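> got a sequence here, can you build the structure:
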Amino acid sequence: MEQRKDAKIESLRQSGSLHPHPERVVDPLFQENEFFDRRDLVQVKYEMLRHVQHEGRSVAEAARSFGFSRVAFYQALRAFQKHGLPGLVRKRPGPKGSHKLTDAIWKFIEESLAANETLRSRELAKMVRKKFRVPVHPRTIERALTKRRKKGRQTEARKKRPP
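Sure, this is the predicted structure:
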């Protein structure tokens, strides 16, 4: 039984559905019934929404009982209305992708690498900061270069493939 719980926790963590504060869920449903798991963030949010929509509880009461604020309730409601259950899964915070590496910066990096293939990402980051006054972490450059190289290989493979 313990291994099954550990596997479920790991699965919830990987999917972004592990509730960071399961102890805040005080609704009797999650206290008395094994089917309902306070650690499952999607299940908790869904039940909170269902209690308001179909059982007539107030937003404030449901939010408090399920360990959320009223603001979080309305955010979950909008996400659910727009995306269904997948909308209740937490998304990674922060920017998605290398937003600082504009086309002009990429052109500069590519030209710099063409002129000197031995340049390291740390040196490239310093050069970008000096020329564009944009601080870019060397790891950002490394990731983006790796991604571009992979894309380049995929494109070349498609070109070589007969139609």
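> tell me the secondary structure for the residue nearest to the spatial centre of the chain?
Nearest to the geometric centre of the chain sits residue 92, at 2.1 Å (Cα atoms, centre = their mean). Using DSSP: H, G, I helix; E, B strand; the rest coil, the structure places residue 92 in coil.
> surely it touches residue 16?
Yes. In terms of Cβ atoms under 8 Å, residue 92 counts as a neighbour of residue 16; the distance is 7.4 Å. Heads up, the C-betas are built off the backbone N, CA and C, glycines and all.
> now the strands for this structure?
Taking DSSP state E, the chain contains no strands at all.
> output the below-cut-off pLDDT ranges for it.
Applying pLDDT under 70 to the chain flags the ranges 1-5, 93-94, 96-98, 152-163.
> one more pass at 90, please.
1-8, 13-17, 31, 33-34, 89-101, 144, 147-163 (pLDDT under 90).
> what's the distance between the closest residue to residue 122 other than its chain neighbours and residue 55?
Of all residues not flanking residue 122 in the chain, residue 138 sits nearest, at 4.5 Å (Cβ to Cβ, 6 or more residues apart in numbering). From residue 138 across to residue 55, the span is 54 Å (Cβ to Cβ, to the nearest Å).
> higher neighbour count, those two?
When neighbours are counted by other Cβ atoms under 10 Å, residue 138 and residue 55 differ, and residue 138 comes out ahead with 15 against 9.
> residue contacts, the more buried one?
Residues in contact with residue 138, defined by Cβ atoms under 8 Å, 6 or more residues apart in numbering, are 120, 121, 122, 124, 125.
> nothing else from me, thank you.
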